[in-house]
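Engineer: coords below, sequence missing:
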């Protein structure tokens, strides 16, 4: 099955995971030796620990990360970032104040000789003050939080409608309503296109287990829960377990997303890309996706292999392939990634996927029927040539 996902330019990151783990363990051992085994004064140990903590904090909060929640676009993500900033700085003030008092008391009232310090049994005014102060801080946090909850509860009236269906371990997108753009019936996988500045309401459901749809730079995450199928075999998008989430990307570009709910062996590989396009570019993309595939010749040996090996799982409009188990491969050659945005969609990566899908992505369904040696190199070349020609 061509779809399900860690972002990487090649197979090298996958092949070297074990080496990376060993290097991380060695680094941790070196730090442990410095802190514990070597002779070092307590003040130096404390200074080193504080320095490492500050370094890790700075690295973890960098806005340049592709899934940062600080470098955001759109009203949902911006509102969430602002709430986080408010809570963080309030917490920082409380932390500095409390720890400052704590340190002051330790040194100011430390034991001096054998003299018994003055004994105090409670202070009503202080106890009232430190009860009221946290309550006021909670109110300061609560008011804007409740405002944002109500603001984001319902999508704007002009929202586009897209169904998001989670599978182990890939994403399916079914376009339902795009206003003036005729997108109804368009189905694609793992790469989502939306127009800039346009609110989009997503109906979130799952084919199997609980997943969570998350595109950090555009908005928050929400669970996609399993729902039953209707009599036509399609998932019930109006079921009570179907969740709603609306998002809006204001800046054109490519945004990373992923499943945020542990869902099995390849949960970490269940990635996606969101392309925020200019409105004209989006309309052109929809038109191209709804047009017939630019099909290579039906006598192509790759097509012959597709009809015998892939028809049960995949669909390609304009062909006899109508499977629903795996991703829809219509216009596959226009996609930038494969395996749920795990790898760039290059001839080399596609051929490697066809040789050994289980080696590239553990647990995927395709690995059950396509193992190393199942396809000859000639068949792999023909399949890759045919799929990349679907435009």
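Structural biologist: Cool, the structure landed. Note that this is a predicted model, so its numbers are computed, not measured. Residues are numbered from 1 along each chain as shown.
Engineer: list the buried ones in the helix or strand hosting residue 352?
Structural biologist: Here residue 352 sits within helix 347-355, counting by DSSP states H and E. Within helix 347-355, the residues scored as buried using 16 or more other Cβ atoms under 10 Å are 349, 350, 351, 352, 353, 354, 355. Heads up, the C-betas are built off the backbone N, CA and C, glycines and all.
Engineer: The first one and residue 273: what is the separation?
Structural biologist: So the one you mean is residue 349. According to Cβ to Cβ, to the nearest Å, residue 349 and residue 273 sit 15 Å apart.
Engineer: cool, and the second one?
Structural biologist: The span separating residue 350 from residue 273 equals 17 Å under the rule Cβ to Cβ.
Engineer: moving C-terminal of the helix holding residue 352, what's the next helix or strand?
Structural biologist: helix 357-360.
Engineer: Report the inter-axis angle for whatever helix or strand comes next after that following helix versus helix 347-355.
Structural biologist: Per DSSP H and E, the first helix or strand lying C-terminal to helix 357-360 is helix 377-388. Using axes from the mean of the first three to the mean of the last three Cα atoms, to 10 degrees, one finds that helix 377-388 and helix 347-355 are set 120 degrees apart in direction.
Engineer: Which residue ranges of the protein form strands?
Structural biologist: Here the chain has its strands, by DSSP state E, at 160-167, 170-177, 187-189, 191-195, 200-206, 211-214, 222-226, 243-247, 253-259, 271-277, 337-338, 343-344.
Engineer: Give the pairing partners of the fifth one; include direction for each.
Structural biologist: Pointing back at strand 200-206 there. strand 160-167 (parallel), strand 222-226 (parallel), strand 243-247 (antiparallel) (DSSP bridges).
Engineer: in the second one, what counts as buried?
Structural biologist: Read it as strand 222-226. Those would be 222, 223, 224, 225, for strand 222-226 by 16+ other Cβ under 10 Å.
Engineer: Who does the residue sitting nearest the centre point of the chain form a beta bridge with?
Structural biologist: With distances taken as Cα atoms, centre = their mean, residue 258 lies nearest the centre of the chain, 2.2 Å away. With DSSP bridges as the criterion, residue 258 is bridged to residue 214, residue 271.
Engineer: do you know how far it is from residue 50?
Structural biologist: Distance, residue 258 to residue 50, using Cβ to Cβ: 33 Å.
Engineer: Low-confidence bits of the stretch 151-300 of the chain, can you list those?
Structural biologist: Within the stretch 151-300 of the chain, the stretches with pLDDT under 70 are 296-299.
Engineer: Kindly recompute the last result at 50.
Structural biologist: Within the stretch 151-300 of the chain, not a single segment meets pLDDT under 50.
Engineer: Burial check on residue 80, number of neighbours?
Structural biologist: 18 (other Cβ atoms under 10 Å).
Engineer: Now the residue lying closest to it once chain neighbours are set aside. Its backbone dihedrals?
Structural biologist: Spatial nearest neighbour of residue 80, chain neighbours left out: residue 220 (5.7 Å); criterion: Cβ to Cβ, 6 or more residues apart in numbering. Dihedral pair for residue 220: phi -80, psi 180, per degrees, to the nearest 10.
Engineer: where does residue 16 land on pLDDT?
Structural biologist: Looking at residue 16, its pLDDT stands at 38.
Engineer: Please apply the same query to residue 313.
Structural biologist: 89.
Engineer: which residue ranges form the helices in the protein?
Structural biologist: Ranges of helices in the chain, per DSSP state H, are 12-15, 17-32, 42-60, 75-108, 124-153, 279-290, 301-309, 347-355, 357-360, 377-388.
Engineer: Mind checking those helices for the one nearest to residue 117?
Structural biologist: Nearest to residue 117, of all those, is helix 75-108, at 10.6 Å by Cβ to Cβ.
Engineer: Report the angle between that closest one and helix 124-153.
Structural biologist: Using the same axes, to 10 degrees: helix 75-108 against helix 124-153 is 170 degrees.
Engineer: And helix 75-108, what's buried?
Structural biologist: For helix 75-108, burial by neighbour count (16+ other Cβ under 10 Å) applies to 75, 76, 77, 79, 80, 81, 83.
Engineer: Please identify which of the buried residues of strand 222-226 is nearest to residue 287.
Structural biologist: residue 224 (28.3 Å).
Engineer: Touching, that closest one and residue 205? I think so.
Structural biologist: Yes - if you go by Cβ atoms under 8 Å, residue 224 and residue 205 touch, sitting 5.7 Å apart.
Engineer: Now list whatever residues contact both of the two.
Structural biologist: Both residue 224 and residue 205 are in contact with 164, 165, 166, 243, where contact means Cβ atoms under 8 Å, 6 or more residues apart in numbering.
Engineer: Turn those residues into JSON lines, columns for neighbour count and distance to residue 174.
Structural biologist: Shown next, in JSON lines, are these (neighbours: other Cβ atoms under 10 Å; distance: Cβ to Cβ, whole Å):
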{"residue": "164", "neighbour count": "21", "distance to residue 174": "8"}
{"residue": "165", "neighbour count": "23", "distance to residue 174": "7"}
{"residue": "166", "neighbour count": "26", "distance to residue 174": "12"}
{"residue": "243", "neighbour count": "17", "distance to residue 174": "15"}
